[in-house]
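K.L.:
following is a predicted model, sequence given first.
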Amino acid sequence: MKNIICVIGTNEVERSIFTVSLANLLMDKNKVLIIDFDILNNNLHEILGIKKYSQKIRNKIKNNNLLKEIKIQELIFKINYKIDLISGMNLLFDSKYKISNKKIKNILLKLKEEYDVIIIETSSECFFDYTKEIINNSELNFFILDANLLEIQKAKKLLNMYIEKWKINKEKINIIFNTYNINSTQISILKNTFNEFKILEKIPEKI
C-alpha cells in the first residue's frame, strides 16, 4: 500500500480529530505519516501534544538561521513507532504563502518511499491553490462534514469552488458526516443535498 489520503472540510477541529483517528486506525498494518498542510490553524500538533517545530528548527529560529533551505526531514516528529507528523509546513512557503506544484509533487514522491500511508490535512481557505494540487495527487479525498445547517451551507460553497473553479472531478470527493446525532439534519436530506458525491457512512475497511 502506498496511498496518499487528503482530509478536507470546513470545520478545522473536527477535521484534525478525524485525521488523527484515521492514522490510529491505519497504524496497525502501515507506517503512517501525517502532514499538517493547514498552515493557518495548525491544530494537529496541539491535539498530539507536541510543539509546532522540531528542536532543530527551534534552534534555527532562535539563532536567526532560517536563510538556508529547510529540509522536509527537519519537520518530522515521531509520535509513536508507527506514526510520524510533519508540522511547520509554513517554513517551506514563500512570503506570500505560496508553494509551487512542482515542490509539492517532489515532497510527496520522496515521502512515499518511506511511508505506506500519507494523510494530509489541508486548509478550507479557498485562496490556497496548493490544496488543489494535493487533492489531485491524492488517491483518496475525505471531505469531513458536520451534519448541521451552517456547516452544510459552508460545505456547499467550498465544494462548488472545488468543482467549478478548480475543475476537480466529483468522483475524487468522498463525503463523511463526522458527527451525527438527534439534532442533525436527517440523513435522507443530507444524501439528497450531496447526491452528486460519494457519501461514506464510515471509513472504508480497506484503504
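P.N.:
Received it, and whenever you're ready, just let me know what you need. Numbering: from 1, shown residues only.
K.L.:
what is the neighbour count of residue 164?
P.N.:
Around residue 164 there are 9 other residues, counting by other C-beta atoms under 10 Å. Any C-beta I mention is one placed from the backbone N, CA and C, and that applies to glycine too.
K.L.:
am I right that it falls within a strand?
P.N.:
No. Secondary structure of residue 164, determined by DSSP: H, G, I helix; E, B strand; the rest coil: helix, with no strand assignment.
K.L.:
list the residues that contact it.
P.N.:
Contacts for residue 164 (C-beta atoms under 8 Å, 6 or more residues apart in numbering) come out as none.
K.L.:
quick one: it from residue 170, how far?
P.N.:
Using C-beta to C-beta, to the nearest Å, one gets 11 Å for the distance from residue 164 to residue 170.
K.L.:
and residue 104, by the same measure?
P.N.:
Applying C-beta to C-beta, the value for residue 104 to residue 170 is 22 Å.
K.L.:
what are the contacting residues of whichever strand or helix holds residue 22?
P.N.:
Under the assignment given by DSSP states H and E, the secondary-structure element containing residue 22 is helix 12-26. Applying C-beta under 8 Å, 6+ apart, the set of residues contacting helix 12-26 from outside is 5, 7-9, 32, 34, 38, 41, 43-44, 47-48, 83, 117, 119, 121, 124, 142, 144, 146, 176, 178-179, 203, 207.
K.L.:
just the buried members of the residues you listed?
P.N.:
The neighbour count (16 or more other C-beta atoms under 10 Å) marks 5, 7-9, 32, 34, 38, 41, 43-44, 48, 83, 117, 119, 121, 124, 142, 144, 146, 176, 178-179, 207 as buried among the contacts of helix 12-26.
K.L.:
looking at the chain, which helix or strand is least sure?
P.N.:
Considering only helices and strands, the least confidently modelled element of the chain by mean pLDDT, DSSP states H and E is helix 55-62, at a mean of 70.
K.L.:
which residues are contacting the helix or strand that that helix is followed by?
P.N.:
Where DSSP H and E defines the elements, the next helix or strand beyond helix 55-62 is strand 76-78. Contacting residues not belonging to strand 76-78 are listed as 33, 45, 48, 50, 54, 84-87 [C-beta under 8 Å, 6+ apart].
K.L.:
can you map out the helices along the chain?
P.N.:
Listed in chain order, the helices found in the chain under DSSP state H are 12-26, 44-47, 55-62, 101-112, 130-136, 149-160, 187-193.
K.L.:
all good on my end, thank you.
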